[in-house]
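Student: missing the sequence, but the structure's below:
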């Protein structure tokens, strides 16, 4: 289980009991595992290896890296169990390569959780790009939130893991909206006085312009700021920027997750408050269920997650060396 268990995954599993039967739960805090297991009439298991090797389990939901890191994913590969993974966005590049290799070798279904793609506002934005707004030219994507530094029993992600995950989700979001692969990236950052020498603000300029295509493509400015102390809640919520601003050929759109979209074209302003039949958590688990039960293997989300990680790592290389870093496109 992880930070989003109570808000996203637990309600989704209850709502989808016709598709999922929770048979066992594992957590670094045994009391939490026992509580969750009782709710689902499941077994509380002491370790991830004992969980993945159970004969009554077809798929594993890895909702936090905890202290295990990439080990549960590799264990699931060894046991030929499908994997739904949120922690794919919190591993280091070496572990990411290990996961990619093992998933390809074993051929299991692997789905990385990328919730911004499935938000109603994102789906509507893609429709508008195809019909009214035209191709994206400039994207501004900003995430502003304090880092959770609690001292409770659960081990929280490190500062660097937290920021890396936020940036990866933003990079993947922009890649999805633009619809093509980036070609280069430039990164900058600012080191705060109380972040143990790590950045409290990181920004990258991701170039989607295709070689030899004059005027085609797009540029995304992606930033993640954790410069406001967590004990200043009013400052956090004061005039927050739009999660995503997209300037297109024939208009501009402002996205506030999960379901608010404001866009402008030659006809003026359009305000849309979108609703979905199911929450994003349920939609993603339904997609995972279809992937596991169908004959078509799904691993594209894994590729998307690790491409985003590659862009983030390249941006940090750019900042360190003071140069633009070219990205390899497949």
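Tutor: Everything's here; your move. Nothing here was measured: the structure is a model prediction, and the numbers come from that model.

Student: ok, which stretches of the stretch 1-150 of the chain are strands?
Tutor: Secondary structure of the stretch 1-150 of the chain by DSSP state E, counting those that start in this stretch: the strands cover 24-25, 43-44, 59-62, 82-85, 110-112, 136-144.

Student: Within its sheet, name the partner strands of the second one and how each one runs.
Tutor: Right, the one you point to is strand 43-44. Using DSSP bridges, strand 43-44 pairs in its sheet with strand 24-25 (parallel).

Student: The partner strand: how far from the chain's middle?
Tutor: Put simply, strand 24-25 sits 24 Å off its chain's centre (CA atoms, centre = their mean, to the nearest Å).

Student: again, but for stretch 96-111
Tutor: The gap between where stretch 96-111 is centred and where its chain is centred comes out at 18 Å by CA atoms, centre = their mean.

Student: just stretch 250-261 next, same as before
Tutor: Between the centre of stretch 250-261 and the centre of its chain there are 19 Å (CA atoms, centre = their mean).

Student: among the strands of the stretch 1-150 of the chain, which is the most enclosed?
Tutor: Ranked by mean neighbour count, the strands of the stretch 1-150 of the chain are led by strand 110-112 with a mean of 26 (mean count of other CB atoms under 10 Å). C-beta coordinates here come from the backbone N, C-alpha and C atoms, glycine included.

Student: Which other helices and strands does it contact?
Tutor: Applying 3 or more CB pairs under 8 Å, 6 or more residues apart in numbering; DSSP states H and E, we find strand 110-112 packed against strand 82-85, helix 280-293, helix 300-321.

Student: just so I know, which of the ones you listed lies nearest residue 234?
Tutor: Judged by CB to CB, the one of those that comes nearest to residue 234 is helix 280-293, at 27.5 Å.

Student: Give me the contacts around the least confident helix or strand in the chain by mean pLDDT.
Tutor: For the chain, counting by mean pLDDT, DSSP states H and E, helix 233-237 ranks last in confidence among helices and strands (a mean of 77). Residues outside helix 233-237 that contact it (CB atoms under 8 Å, 6 or more residues apart in numbering) are 144-146, 228, 230.

Student: Sheet-wise, list the partners of the next helix-or-strand element following it with their directions.
Tutor: As assigned by DSSP states H and E, the chain's next helix or strand after helix 233-237 is strand 244-248. Looking at strand 244-248 with DSSP bridges, its partner strands are strand 136-144 (antiparallel), strand 252-256 (antiparallel).

Student: tell me what whichever helix or strand comes after the first one is packed against?
Tutor: Going back to what we said before, that points to strand 136-144. Using DSSP H and E, the helix or strand that follows strand 136-144 in sequence is helix 159-178. Secondary-structure packing of helix 159-178 (3+ CB pairs under 8 Å, 6+ apart): helix 115-118, helix 120-128, strand 136-144, strand 199-207, strand 219-225, strand 244-248, helix 300-321.

Student: Using JSON lines, lay out the ones you listed together with mean pLDDT.
Tutor: JSON lines is the format used below for the helices and strands packed on helix 159-178 (pLDDT from 0 to 100):
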{"stretch": "helix 115-118", "mean pLDDT": "87"}
{"stretch": "helix 120-128", "mean pLDDT": "93"}
{"stretch": "strand 136-144", "mean pLDDT": "92"}
{"stretch": "strand 199-207", "mean pLDDT": "89"}
{"stretch": "strand 219-225", "mean pLDDT": "92"}
{"stretch": "strand 244-248", "mean pLDDT": "96"}
{"stretch": "helix 300-321", "mean pLDDT": "86"}
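
Student: Relative to residue 261, tell me which of those wins on proximity.
Tutor: When the helices and strands packed on helix 159-178 are compared by CB to CB, helix 120-128 sits nearest residue 261, at 4.5 Å.

Student: Only the buried residues of the closest one, if you could.
Tutor: 120-122, 124-125, 128 (16 or more other CB atoms under 10 Å).

Student: buried residues in stretch 272-279?
Tutor: By 16+ other CB under 10 Å, the buried positions in stretch 272-279 come out as residue 279.

Student: residues making contact with that stretch?
Tutor: For stretch 272-279, contacts defined as CB under 8 Å, 6+ apart pick out 8, 11-12, 15, 120-121, 124, 258-263, 283, 286.

Student: what about 10 Å?
Tutor: Contacts to stretch 272-279, defined as CB atoms under 10 Å, 6 or more residues apart in numbering, come from residues 7-8, 11-12, 15-16, 115, 118-125, 128, 253, 256, 258-263, 282-286.

Student: With stretch 285-293 instead?
Tutor: For stretch 285-293, contacts defined as CB under 10 Å, 6+ apart pick out 8-9, 12-13, 15-16, 18-20, 58-59, 61, 81-85, 108-111, 113, 118, 278-279, 296-301.
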